[in-house]
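> need a structure here:
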Amino acid sequence: MKQVIPPARPGAVPRERLRQQLRVAGTRLTVVVAPAGWGKTSLLSGWASDPEEKRRIAWVSLDESDDEPVRFWSYVLTALHNAGGTISTGPLEALDAAGVPPVDLALPMLLNELAASELPHVLVLDDYHLLGDPRIHEAVEYLVTYLPASLRIVIAARTDPPLPIARLRARGDLTELRAAQLRFSPDEAAALVSAVSGHALDSATAAAVWERTEGWAAGLQLAALALRADPTKARADDRHLLDYFAAEVLPGLAPGQRELLVRAAPLERLSGELCDAALQTTGSAGVLADLVKEDLFVAALDDRQQWYRCHHLLRDVLAREATADPRDVLSHAADWFAAEGRIDDAVRHLLRARRDDDAAELMRRNAETWFFPRGEAATFLEFGQELTDRAVGPELAFALAYAAALCGDRAGVNRWLDVCEARGTSSAVVPGWHTFRSAVLCVRAGYGMPDSEAARSVVMVRQALREETEEGGAGDPTVRAALGAVLGRDGRFDEAADLLLELWSSPSDRRAWPPSLVLQAAGTLMISLVESGRGDECDRVVREAGPLADAVERIGREASMPGVASLRIAQARHRYQNGHMEEAAVLLRRVVPLAELHPRPTVLFLGLVYLADAELARGDRPAARAALARAREVVDEEPVSTYARQRLEQSETRLGRAGTRTAVRSGVLTEELTDRELSILRALQGPSTQREIGAALFLSINTIKAYNKSLYRKLGVASRHDAVTIARELGLI
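Okay, the predicted model is just below:
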């Protein structure tokens, strides 16, 4: 429904002059911006369905519920894939990567596929003004900035989108259609009114209608309906449109049509089955079909005419006319959505109905079985923010903390775990765990604490292990895997290896583990073994966990399984220790970028140090320096443990500390920097961290990192220091 081009309205007038502008627009971005009722969607749907348009059209109709990055990009990427051509499901699957924003993985993958494609595509984002999340706007700006020639973007909105409109306009990268261009000409107006009303207009009447409406599409539609009802008049001069709808449109509806629309006003989207359930009636599908056939401000959203929407101005009037409590309709709608397995829509309607307790219970029951497996952790978190404090019990708060962990939101993890503890944990249960408190402690240490507090995390997980096993049971295996992980972060690899080897030694128990836990434990165990000089025990782990990692990589899901990066990095180190320097370097070059998506900087840091050692052993000293320069950035920018800092200093000493600061250049600058990259480059000269630079530029840390990757590539450098050095030499700053 959301990714289907809306069918043309009955009586639609082909607006060839505007369609031609859309067909020939070769700019990165086209904006169609005008207030409500100016025919933006009608124009775009007519153009997108025109056989003269040869490009692949990917259409997304947006609403308020799409104001969340993962949900928004899932619709966009699905639309691009369904448009045909060469866009795979890989970018869409990358959205499942735990804690990885779309701009870090999914969008670069999409850009790579588009750059390799010669098939032209157009992405249409309709009703973009309904989105307010700055993370979405940042990512769209990133997409527009690096857009290859095979994709153009069209945005329809009531106001200018928060994108660099002025810069794009100055560079000739923007096509604009605004109210002045959307205004119907006198001939177009006469054709529209005649087609909708069924009456031909004489020249005087046509001129009068055009003057009164000033070519405004909704006004012309109203005039046509008035003329259809009474051929002696063609009035549309009432400036108070809500009153006009109330006075002219509603009385013209059949009683059944009016009753359905008034009662269904709380619903943003309509279908026959939904209305029957929400209104406790029958026959809604026929009424909706008649409304569309008569062009009474209800439009079909798909070719099969199963889903519809009512014009927003009419909905406002209908809401004023309603006498029943809208919460009853929303509640029945929520029950219908739940029965259809559309749990997110069910929760959304329960929240609008102010049934917070029921929404919270539905979220709690479906967290592990519906939201998390579908990559909807961010939506789950968004719902949690809307719940009243009273409605969130300890078990739901724990699920929200886990959702925050999946989204890489450390502050959210701690906030919701605080709620768990404030609500009391004596009677709460987490499936598989002996005590609720041990689960809370384990998640807080594993996901709520930075690597710089690894020693404190060890204390917390040890306490969780004691509580989990105090009655003699084995407890949930996650707690031992977590203890091994935090011991490794603290540099206590011998202890971690002993603990994890014992955990790993029972294949029968391991078969019951989820794949994510298997790979997490295997990756941590492998790193602990190679760091503690016990590489001879690695082969068994690789033999047993390798096939699962291979399978995950074959289906392109390695980004959603952080344990894969750890396992492969340790495998490469094991090969290095066995004298296979070239194999180690090749593998590390492939998997270190994957580790950049890892929520733990220590994994990335170790991968870079291992890569530096492998490159140095191969005799490629500049490549080794580049890897250590990047490792230094990780240590300076991220909260790593004392062990990591000491480990880096040892590597720098071995290579020569000054060498880590040497520029790694690939030649003169051959690609122009964008304005955004230049602004970031200037900021890199100062002492601010990437996070602080992002705050100053109103960009998230992940967006700053994404821009930095492109900036470093263009400059042919590997570190911040080198970027500033080469930029000064080139006169860029």
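> isn't there a strand covering residue 380?
No. Counting by DSSP: H, G, I helix; E, B strand; the rest coil, residue 380 is not found in a strand; it is helix.
> hmm, it is touching residue 399, no?
Yes. If you go by Cβ atoms under 8 Å, residue 380 and residue 399 touch, sitting 7.4 Å apart. From N, CA and C alone the C-beta is placed, and that goes for glycine too.
> which residues do those two both contact?
363, 367 (Cβ atoms under 8 Å, 6 or more residues apart in numbering).
> I'd like to know how far residue 193 sits from residue 626.
Noted for residue 193: a distance of 68 Å to residue 626, by Cβ to Cβ, to the nearest Å.
> same thing with residue 264?
Applying Cβ to Cβ to residue 264 and residue 626 gives a distance of 61 Å.
> rewinding a little: quick one: which of residue 193 and residue 626 has more around it?
For residue 193 versus residue 626, neighbours defined as other Cβ atoms under 10 Å are more numerous around residue 193 (32 against 25).
> now do the helices in the stretch 401-550 of the chain.
410-423, 436-443, 454-469, 477-489, 493-504, 507-510, 515-531, 538-554 (DSSP state H, counting those that start in this stretch).
> quick check: mean pLDDT of the shortest one?
In this case it means helix 507-510. Averaged across helix 507-510, pLDDT comes to 72.
> name the surrounding residues that touch it.
474, 477, 504, 518, 544.
> pretty sure the fourth one sits against residue 563.
Yes. With contacts defined as Cβ under 8 Å, residue 518 counts as touching residue 563 at a distance of 7.5 Å.
> who's more crowded, those two?
For residue 518 versus residue 563, neighbours defined as other Cβ under 10 Å are more numerous around residue 563 (28 against 22).
> in a strand, the more buried one, correct?
No. Assigned with three-state DSSP, residue 563 falls outside any strand and is helix.
> so where's the stretch 501-650 of the chain uncertain?
508, 599 (pLDDT under 70).
> try it again with 90
502-520, 532-540, 552-564, 576-581, 593-605, 613, 615-626, 628-650 (pLDDT under 90).
> and residue 387, what pLDDT?
Confidence score, pLDDT, at residue 387: 94.
> need the contact list for it.
Applying Cβ under 8 Å, 6+ apart, we find residue 387 in contact with 351, 356, 359, 360.
> just these now: which is nearest residue 374?
Checking these against residue 374 by Cβ to Cβ gives residue 359 as the nearest, at 17.7 Å.
> what's around that closest one, how many residues?
Neighbourhood size, residue 359 [other Cβ under 10 Å]: 26.
> surely residue 359 meets residue 350?
Yes. The criterion here is Cβ under 8 Å, and residue 359 meets it with residue 350 at 3.8 Å.
> can you pull the pLDDT of residue 17?
Model confidence at residue 17, given as pLDDT, is 85.
> and the one 3 residues further on, by the same measure?
We note a pLDDT of 86 for residue 20 in this prediction.
> right, and the helix or strand after the helix or strand hosting it?
When elements are assigned from DSSP states H and E, residue 20 belongs to helix 16-24. Next in sequence after helix 16-24, counting helices and strands by DSSP H and E, comes strand 29-33.
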